[in-house]
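>>> The following block contains a protein sequence and its predicted model.
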Amino acid sequence: MRVAIHALGTRGDVQPYIAGIGIDRARTSRTARCSGSVREHGARPRRRIRLLPGEFLALLDTPEGKAAIAGGKGFSAGLKLLKYVRPMMQTLLDAEWKAAQAFNPSIFVHQNDMSVEDNKRIVREFCNHFKTSNADGLIDGMTEDATWWVNGKPHLFPSAGTKTKTEAASMFRNMFTAYSNGLDMKVINLIGEGDSIAAEARSQATTKSGKIYENEYFILFKIRDGKNASAREYTDPMHVQETFG
């Protein structure tokens, strides 16, 4: 039996190695495909290792990547980061498919990302509430201790800074009163690892005064127990100020 194991991210080194130990005991031939340095963890030579491209993980470790996640000058850094994400993910998928074809496994084992996929679904459903002006849906989708942070200086932009769930609820309700038909929030791309989901999104709406509001976002969600525990939103506060004053 030929077993192919794919793992990526912070578990990309350890998971294939541990799985390999178990398969060794079953005296099964396999290959492990991962992003990381499995050889440094003592992988035996007879194991066939195909390292996947690690550029995306390396990108997150750059000053721009860290800034996009941690805040500070994250808005401009996040925009620079986004233009590299799609080609990197495509390269990663192509390399995975090529490795699978070369090995021709009997069984393909992928790192268990069901929780990540579930979290992506939660984020998509959460963002859909903006289109229908469903403030209750947004609020219900947040944990009791949830926070919502928006880039910018709070003394310059009212929506900027960190808000509690109650404060965020008030922000959502006030925002929806300004639109004639909700805020069409289109999710362009989602990237997840563990309980973190990074979302690239674009919005479009018409205000009741007839102005067109269009903005772009990079939002880092933290999901806990099926709900949004925190959100860090990077957007263009000048356009918000220009549209709503």
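Done, it's in.

>>> From now on I want contacts and neighbour counts done on CA atoms only, so please keep to that.
Will do.

>>> which residues touch the residue nearest the centre of the chain?
Closest to where the C-alpha atoms of the chain average out (CA atoms, centre = their mean) is A198, at 2.3 Å. Going by CA atoms under 8 Å, 6 or more residues apart in numbering, A198 touches 190-192, 218-221.

>>> Widest-spaced pair of those?
Across the contacts of A198, no pair lies farther apart than G192 and F218, at 13.2 Å, counting by CA to CA.

>>> coming back round to it: please settle this for me: is the residue nearest to the centre of the chain part of a strand?
Yes: the assignment for A198 is a strand, going by DSSP: H, G, I helix; E, B strand; the rest coil.

>>> how about the nearest residue to it once chain neighbours are set aside, secondary structure?
Spatially, and ignoring its direct neighbours in sequence, A198 is nearest to L220 (4.5 Å; CA to CA, 6 or more residues apart in numbering). State at L220, reduced to three classes by three-state DSSP: strand.

>>> my guess is L220 meets A199, correct?
Yes: using CA atoms under 8 Å, L220 makes contact with A199 at a distance of 6.3 Å.

>>> Without its sequence neighbours, what residue ends up closest to F176?
Closest residue to F176 apart from its sequence neighbours, by CA to CA, 6+ apart: S133 at 5.7 Å.

>>> before we move on, back to that, any idea how far R124 is from the residue nearest to the centre of the chain?
11 Å (CA to CA, to the nearest Å).

>>> Then M142?
M142 is 14 Å from R124, by CA to CA.

>>> Name the residue in these two with the higher neighbour count.
Remark: of M142 and R124, M142 carries more neighbours, 24 against 16, as counted by other CA atoms under 10 Å.

>>> just the helices in this protein please.
With DSSP state H as the definition, the chain shows helices at residue ranges 14-25, 55-60, 63-70, 74-103, 114-131, 135-140, 165-176, 237-244.

>>> Just tell me which of these ends up closest to A205.
Among the helices of the chain, the nearest to A205 by CA to CA is helix 114-131 (8.9 Å).

>>> Sketch out the low-pLDDT regions of the protein for me.
Per-residue confidence for the chain (pLDDT under 70) gives these ranges: 1, 6-20, 23-48, 65-83, 108-114.

>>> Mind putting the helices of the chain into JSON lines with distance to K153?
JSON lines is the format used below for the helices of the chain (distance: least, CA to CA, whole Å):
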{"stretch": "helix 14-25", "distance to K153": "41"}
{"stretch": "helix 55-60", "distance to K153": "25"}
{"stretch": "helix 63-70", "distance to K153": "16"}
{"stretch": "helix 74-103", "distance to K153": "12"}
{"stretch": "helix 114-131", "distance to K153": "24"}
{"stretch": "helix 135-140", "distance to K153": "24"}
{"stretch": "helix 165-176", "distance to K153": "16"}
{"stretch": "helix 237-244", "distance to K153": "9"}
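
>>> who wins for proximity to S203 among those helices?
Of the helices of the chain, nearest to S203 by CA to CA is helix 114-131, at 9.3 Å.

>>> Output the contacting helices and strands for the closest one.
With contacts taken as 3 or more CA pairs under 8 Å, 6 or more residues apart in numbering; DSSP states H and E, helix 114-131 sits against helix 135-140, strand 184-193, strand 196-206.

>>> Which residues does that helix contact?
Helix 114-131 is contacted from outside by 135, 137-138, 141, 181-187, 190-195, 197, 221, 223, 226-228, using CA under 8 Å, 6+ apart.

>>> and it with strand 196-206, angle?
Interaxial angle, helix 114-131 versus strand 196-206 (axes from the mean of the first three to the mean of the last three CA atoms, to 10 degrees): 20 degrees.

>>> So for helix 114-131, what gets flagged as buried?
116-117, 119-120, 122-124, 126-131 (16 or more other CA atoms under 10 Å).
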